[in-house]
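K.L.:
Sequence and predicted model, in that order:
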Amino acid sequence: MWVIENQIENKIAFIRQHAIRVRIHALLVDRYLQTYYDRLGWFGDPHEVFQDIVNDPDKYYIFKSILAKTNVSKFDLPAKEAYQDFFGVNPISNFKQLSQLCGWTDGCLLEKIEKAISHELPALLSSITKSSEVPASAKTAPAPPPPLPGTCEGPECGEKPKNRWRKQ
């Protein structure tokens, strides 16, 4: 049973780490899009503008803005070259800004990911650890030994047993 619980805890931790990476990726792609739309002018070439942003993200503070606005560690950020490869394969036109993906009834996708990372997955993990602690504590507390023959303990024994060897 312990092995299964440990595997479940590891899976939940893995899912949480993956959700953190997805959140960071979404924030970075959104920041690239936001910078692209801010820099795009009437007479500029959209391809050149975007290539300039992708090739030199430090010039536009892409990564620094993510670190400043969110609780993301610099060690969790991917390399800049990864996004050069990513946008080389995936055109900018395939993406929408995160603010456009918010609905009246559904909420925002990023808020759902944040909620899962900060509340739902840790709650799931704590519920598993709590359920595994209950049987463990029952196992560690030994049952009281049975009463010795001729003795009576508990509420059902109203009077003390008589001592045969005592003079009466």
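P.N.:
Noted; the coordinates are in hand.

K.L.:
With just CA atoms, put stretch 109-126 into CSV.
P.N.:
What follows is stretch 109-126, C-alpha atoms only, in CSV (Å, rounded to 0.1, in the frame of the first residue of the first chain):
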residue,chain,number,x,y,z
LEU,A,109,-7.0,29.8,-18.6
LEU,A,110,-4.0,31.2,-16.7
GLU,A,111,-6.1,31.6,-13.6
LYS,A,112,-7.2,27.9,-13.8
ILE,A,113,-3.5,26.8,-14.1
GLU,A,114,-2.6,29.1,-11.1
LYS,A,115,-5.4,27.6,-9.0
ALA,A,116,-4.4,24.1,-9.9
ILE,A,117,-0.7,24.8,-9.0
SER,A,118,-1.3,26.7,-5.8
HIS,A,119,-4.5,25.1,-4.4
GLU,A,120,-5.9,22.0,-6.0
LEU,A,121,-2.8,19.8,-6.5
PRO,A,122,-1.4,20.6,-3.0
ALA,A,123,-4.9,19.8,-1.5
LEU,A,124,-4.9,16.5,-3.4
LEU,A,125,-1.5,15.7,-2.2
SER,A,126,-2.3,16.5,1.4
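
K.L.:
so how far is that stretch from its chain's centroid?
P.N.:
How far stretch 109-126 lies from its chain's middle: 5 Å, per Cα atoms, centre = their mean, to the nearest Å.

K.L.:
Give me the contacts around it.
P.N.:
By Cβ atoms under 8 Å, 6 or more residues apart in numbering, the residues outside stretch 109-126 that reach it are 9, 12-13, 15-16, 19-20, 22-23, 26-27, 98, 101-102. Just so you know, the C-beta spots here come from the backbone N, C-alpha and C atoms, and that holds for glycine as well.

K.L.:
so where's the protein shaky on pLDDT?
P.N.:
1, 132-168 (pLDDT under 70).

K.L.:
Tell me where it has helices.
P.N.:
2-39, 46-55, 62-69, 80-89, 109-115, 121-140 (DSSP state H).

K.L.:
would you turn these into JSON lines with mean neighbour count?
P.N.:
Below are these laid out as JSON lines (neighbours: other Cβ atoms under 10 Å):
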{"stretch": "helix 2-39", "mean neighbour count": "15"}
{"stretch": "helix 46-55", "mean neighbour count": "16"}
{"stretch": "helix 62-69", "mean neighbour count": "15"}
{"stretch": "helix 80-89", "mean neighbour count": "13"}
{"stretch": "helix 109-115", "mean neighbour count": "14"}
{"stretch": "helix 121-140", "mean neighbour count": "11"}
